[in-house]
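Undergrad: sequence first, predicted coordinates after that:
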Amino acid sequence: MEKDILILAIETSCDETAAAVVKNGRCVLSNIISSQIDLHTLYGGVVPEIASRKHIEKINQVIKEALWEANVTLEDMDAIGVTYGPGLVGALLVGVAEAKAISFAAKKPLIGIHHIEGHVSANFIENKELEPPFLCLIVSGGHTHLVIVKEYGKYDIIGRTRDDAAGEAFDKVARAIGLGYPGGPKVDKLAREGDKHAVVFPRANIEGFPYDFSFSGVKSAVLNHLNSCAMKKEPVNTADIAASFQAAVVDALVSKTIAAAQEYHMDQVAIAGGVAANSALRQSMEAACKEQGLHLYYPSAVFCTDNAAMIGAAAYYEYLNGTRHGLDLNAVPNLKIGQR
Ligand code: KG4
Ligand code: ZN
């Protein structure tokens, strides 16, 4: 039998300080997440300087807990995986510096991981049968991409957002209707009490680019609707607005994903990133995939939002592909998908 590969993974690209131990890319032995959300909620969004400081305070403890819970030591690790971009530069630097220090001290290979490739790889954790090629819709707070995962670690980007990311639109609309940060889960919850047909918000199509997205139009339409109600002194039903806005975003995401699956002959579809936790998106994508005879995969909510287990899953396949980084690895805030 082949030897198990154990990876200690670290993720600090935004406002979660996270560490995990992952065996053979798909078995999560521990997954520790220290969230800073309460702190940033006071300011209505992530404050980069505060995020970096909190990561420094928490990182050692979070790693210790991850090793302890997995019942392993640093000596047992085969490699250290760390997110090195994209994200907030100061936040990324904390994880990268920590991973380099551990790699040097424990004499373990260092593997830098793209945060979004981590989100895609979250699908491998609970879906043991999922293997490339497949189509993946990535919807997070900072990114919206449609990619073909050709092989482990090899991606073709076929669509992206032209303006706001899907999660960003959720967060901005949530703020406008008084729900606060982070908005996605709150809109998701409130929308369940609303009528998604109450207001028709636009679904953008970009001519010649069928798989690109645009969410700034729907966001502005919500703001205009709220202003117009205020001027006419009409009452606003925030649950109806949440449901109608969510339906517009979900429709765009689902219709483009299904069309891409057909054009590229993909019979496996996955969704990833924080917005993949959205209940309406999951339901609607599930129904559309079923109708088209496609197999849909998605991670549990805890693996959709930022975590280190997904970084460990991605790092395992990079480990097998031979990717190794030196101690000159730096944080790359605008790292491109597929860049090594
Ligand atoms: O992937 P993620 O944790 O961080 C980034 O890499 O950006 O995604 C965070 C985003 C936020 O915009 C948050 O509002 C959104 O994911 N989100 C949701 C839900 N849960 C998180 N959006 C819609 N519905 C949800 N249930
Ligand atoms: Zn993320």
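TA: Everything's here; your move. Bear in mind that the values here come from a model prediction, so they are computed numbers and not experimental data. Ligands and ions are numbered 1, 2, ... in the order given.

Undergrad: quick one: the helices in this protein?
TA: Listed in chain order, the helices of the chain (DSSP state H) span 37-41, 48-70, 89-106, 115-126, 166-176, 183-191, 216-231, 238-263, 279-292, 301-304, 309-321.

Undergrad: buried stuff in the shortest one?
TA: It refers to helix 301-304. 303-304 (16 or more other C-beta atoms under 10 Å). The C-beta positions use only the backbone N, C-alpha and C, and glycine is treated the same way.

Undergrad: same check on the second one?
TA: Within helix 48-70, the residues scored as buried using 16+ other C-beta under 10 Å are 48, 50-56, 58-59, 62-63, 66-67, 70.

Undergrad: could you dump the helix or strand bottoming out on mean pLDDT in the chain to CSV, C-alpha only?
TA: Ranking every helix and strand in the chain by mean pLDDT, DSSP states H and E puts helix 37-41 at the bottom, with a mean of 89. What follows is helix 37-41, C-alpha atoms only, in CSV (Å, rounded to 0.1, in the frame of the first residue of the first chain):
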residue,chain,number,x,y,z
ILE,A,37,-16.5,38.5,11.3
ASP,A,38,-17.8,40.0,14.6
LEU,A,39,-14.9,42.5,14.6
HIS,A,40,-15.4,43.6,11.0
THR,A,41,-19.2,43.7,11.4
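
Undergrad: what about that helix, near ligand 1?
TA: No: using C-beta under 6 Å from any ligand atom, helix 37-41 never reaches ligand 1; the gap is at least 10.0 Å.

Undergrad: how far off centre is that helix?
TA: Relative to the centre of its chain, helix 37-41 is centred 19 Å away, using C-alpha atoms, centre = their mean, to the nearest Å.

Undergrad: and the contacts of stretch 120-131?
TA: With C-beta atoms under 8 Å, 6 or more residues apart in numbering as the test, stretch 120-131 has contacts from 25-26, 28, 136, 138, 147, 149, 155, 268, 270, 272, 297-300, 303-304, 307, 309-311, 313-314, 317.

Undergrad: check whether it comes near ligand 1.
TA: No: Stretch 120-131 lies out of reach of ligand 1 by C-beta under 6 Å from any ligand atom, never closer than 9.4 Å.

Undergrad: give me phi/psi at Asn329?
TA: Rather than Asn, residue 329 is Leu. Backbone geometry at Leu329, expressed as degrees, to the nearest 10, gives phi -60, psi 130.

Undergrad: can you get me a residue count around the nearest residue to Ala166 once chain neighbours are set aside?
TA: Once flanking residues are discounted, Ala166 sits nearest to Val139: 4.3 Å by C-beta to C-beta, 6 or more residues apart in numbering. Applying other C-beta atoms under 10 Å, we find 29 other residues in the vicinity of Val139.

Undergrad: ditto for Gly293
TA: 7.

Undergrad: wait, doesn't the residue nearest to Ala166 sit right on Glu168?
TA: No: taking contacts as C-beta atoms under 8 Å, Val139 lies outside contact range of Glu168: 10.3 Å.

Undergrad: against Gly293, how distant is Thr257?
TA: Separation of Thr257 from Gly293 (C-beta to C-beta, to the nearest Å): 14 Å.

Undergrad: what of Glu75?
TA: 48 Å.

Undergrad: for Leu88, same thing?
TA: For Leu88 relative to Gly293 (C-beta to C-beta), the value is 41 Å.

Undergrad: and the stretch 201-340 of the chain, which of its residues are near ligand 2?
TA: By C-beta under 5 Å from the ion, the part of the stretch 201-340 of the chain that sits against ligand 2 consists of Asp306.

Undergrad: flag the shaky bits of the chain, pLDDT-wise.
TA: 1 (pLDDT under 70).

Undergrad: point to the residue nearest the middle of it.
TA: Centroid-nearest residue in the chain: Gly273, 2.4 Å away (criterion: C-alpha atoms, centre = their mean).

Undergrad: burial measure for the closest residue to Leu327 other than its chain neighbours, as a count.
TA: Nearest residue to Leu327, sequence neighbours excluded (C-beta to C-beta, 6+ apart): Lys100, at 5.3 Å. Residues lying near Lys100 (other C-beta under 10 Å) number 20.

Undergrad: nearest spatial neighbour of the residue in the stretch 201-340 of the chain that ligand 2 sits nearest to, chain-adjacent residues omitted?
TA: Nearest residue of the stretch 201-340 of the chain to ligand 2, counting by C-beta to the ion: Asp306, 4.4 Å away. Leaving aside its sequence neighbours, Asp306 sits nearest to Glu16 (C-beta to C-beta, 6+ apart; 4.4 Å).
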